[in-house]
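Trainee: Give me coordinates for this.
(one chain, ligands or ions: 1)
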Amino acid sequence: MSDAYWCELAWLGCERAEPGVVVEVEGARFAAVTAGVAAPPAGATRLAGLTLPGFANAHSHAFQRALRGRTHGGEGSFWTWREGMYALAARLDPELYRSLARATFAEMALAGITAVGEFHYLHHDAGGARYADANTMGEALITAAAEAGIRITLLDACYLQGGIGEQLNVVQRRFSDGDAGSWAERVEALAAAHPADDPVARVGAAIHSVRAVDPGAAARVARWAAERSCPLHAHVSEQPAENRACQAVYERSPTALLAEAGALEAAFTAVHATHVDERDIALLAAGSARCCLCPTTERDLADGIGPTRALVDAGVGLALGTDSHALIDMLEEARALELDERLASGVRGGHGAAELLRAATEEGHASIGWPEAGRIAPDACADLTTVAIDGVRLAGTTPEVALESVVFAGAACDVTQVLSGGHWIVRDGRHVEIDAAAELDRAIAALAA
Ligand SMILES: [Zn+2]
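Mentor: Numbers count the residues shown, from 1 in each chain. Predicted coordinates:
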């Protein structure tokens, strides 16, 4: 069965939006894309505004959506924020997790996100014991994404120690499989249920951080990912304290440690990379790695500003994530790459609008193992995110400046229509199945009860 859409403006990967683009969809893929069509052909659905490929949110911890507004005020740091996160993590069970994640993924859909990389480490029950089905929590996330209509890569994280050489605390026990072999055995079962060519849910691996995984275990996880050609993610150099601890014990940076553990032999993404140096950047580039920046979270936690221009100049692809969900707005994440760098460097114009959109779409999808998604082109996944340009925020936008208007001034609430794998998930600014606000309210209230 085929459907046709006529986009008033569409971004096809160039530096400018194209007016009058007909997109034909066959099943879950684009069949044909034709630019320069002045008016909607008979039977085509008209999409007013600027239509983009669906966004990829390459780094998410869905449960942290429940912390929004509760951890942002006052003083404190990443480390005090982490205490609030642990208190929340201790209260989740599979049903609460599924309902919170379903509402959070619906919020993502409303923001134009059609695929998420869920960095998952809440594996076991509150006492640290395996559930009867050891992957109950991961499956709850996969179900939640399916219900919200977005694709998911479950990046199953190995997490074995409380800090370098430290015991797990009482909450962290539910993150740990005990050793990397047990982690691999559990994840193998999950990967068997969701193979690498699954159209909606795939499995990748994650090393939580060099704090939580020792070099030997990191090597085991890296090997698992490399053997399966699946994505491998790790939190890297988010905080100077992580660099100092790693240097003190291992006499090398987190990036160098992970490189020696074989992480760069897999399809590796360094999440944050806020405090990487020139040698780290050279290693990441040599390993064809990507970095996933999460600027709204990094801002919120006072992490710092990553060296995005230096990474791009070295050939490291950039993806974007909403991480702690301080906000869920990929346009805000995208423009932050450029605007934060302007503040840090005193120089404008390092990243253009098209480059920022590539981070939010094609690079993000590739980072989480969907190389066939993130562009409006024949054979790519049929994901479309349409941003209205006639609202008060973007009124006055012309085709010549549509990319700049949307990237530098648009917001999640300007997203009106979202097609995911050939299916509508958002129409006229509303999720087709889920009242996301009401469900978020209920899920967060249930966790506080
Ligand atoms: Zn994270």
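Trainee: same question for stretch 48-59, mean pLDDT?
Mentor: Averaging pLDDT along stretch 48-59 yields 98.
Trainee: buried residues in that stretch?
Mentor: For stretch 48-59, a neighbour-count test (16 or more other C-beta atoms under 10 Å) marks 49-59 as buried. Heads up, the C-betas are built off the backbone N, CA and C, glycines and all.
Trainee: show me where pLDDT drops low in the stretch 1-150 of the chain?
Mentor: For the stretch 1-150 of the chain, the stretches flagged by pLDDT under 70 are 1, 72.
Trainee: okay, how far is it across stretch 419-427, tip to tip?
Mentor: Counting by C-alpha to C-alpha, to the nearest Å, you get 9 Å between the two ends of stretch 419-427.
Trainee: Please renumber the chain so that the first residue is 35 from this point on.
Mentor: Got it, first residue is 35 now, which makes that one stretch 453-461.
Trainee: and it, which residues are buried?
Mentor: 453-456, 459-460.
Trainee: same thing with stretch 152-172?
Mentor: 152-159, 162, 164, 168-172.
Trainee: Also stretch 36-44?
Mentor: Quick answer for stretch 36-44 (16+ other C-beta under 10 Å): 37-44.
Trainee: Filter these down to the ones in helices?
Mentor: In helices, judged by DSSP state H, none of the buried residues of stretch 36-44 are found.
Trainee: Tabulate these in a markdown table, adding columns for distance to Trp258.
Mentor: Output for the buried residues of stretch 36-44, formatted as a markdown table (distance: C-beta to C-beta, whole Å):
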| residue | distance to Trp258 |
| --- | --- |
| Asp37 | 39 |
| Ala38 | 43 |
| Tyr39 | 40 |
| Trp40 | 45 |
| Cys41 | 41 |
| Glu42 | 46 |
| Leu43 | 43 |
| Ala44 | 39 |
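Trainee: so who does the nearest residue to Ala301 once chain neighbours are set aside touch?
Mentor: Excluding its sequence neighbours, the residue lying closest to Ala301 (C-beta to C-beta, 6 or more residues apart in numbering) is Pro265, at 5.0 Å. For Pro265, the contact set (C-beta atoms under 8 Å, 6 or more residues apart in numbering) comprises 151, 187, 189, 238-239, 259, 300-303, 401-403.
Trainee: Now distance to Asp374, secondary structure and neighbour count too, for the residues you listed, in TSV please.
Mentor: Formatted as TSV, the contacts of Pro265 follow (distance: C-beta to C-beta, whole Å; DSSP: H, G, I helix; E, B strand; the rest coil; neighbours: other C-beta atoms under 10 Å):
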residue	distance to Asp374	secondary structure	neighbour count
Gly151	21	strand	31
Thr187	26	strand	29
Leu189	25	strand	32
Gly238	27	strand	28
Ala239	29	strand	29
Ala259	30	helix	25
Ala300	29	coil	25
Ala301	27	strand	24
Phe302	24	strand	27
Thr303	20	strand	34
Ser401	20	helix	33
Ile402	23	coil	34
Gly403	27	coil	23
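Trainee: Enumerate every residue touching the residue nearest the centre of the chain.
Mentor: When C-alpha atoms, centre = their mean is applied to the chain, the residue found nearest the centroid is Ala92 (2.0 Å). Ala92 sits next to 151, 303, 326, 353-355, 398, 401-402 when contact means C-beta under 8 Å, 6+ apart.
Trainee: ok, now Thr170?
Mentor: Counting by C-beta under 8 Å, 6+ apart, the residues that Thr170 touches are Pro128.
Trainee: I would like the residues contacting stretch 276-290, please.
Mentor: 197-199, 243-245, 249, 270-271, 291, 294, 304, 307, 309-311, 313-314, 317-318.
Trainee: of all the buried residues of stretch 36-44, which two lie farthest apart?
Mentor: Asp37 and Leu43 (19.3 Å; C-beta to C-beta).
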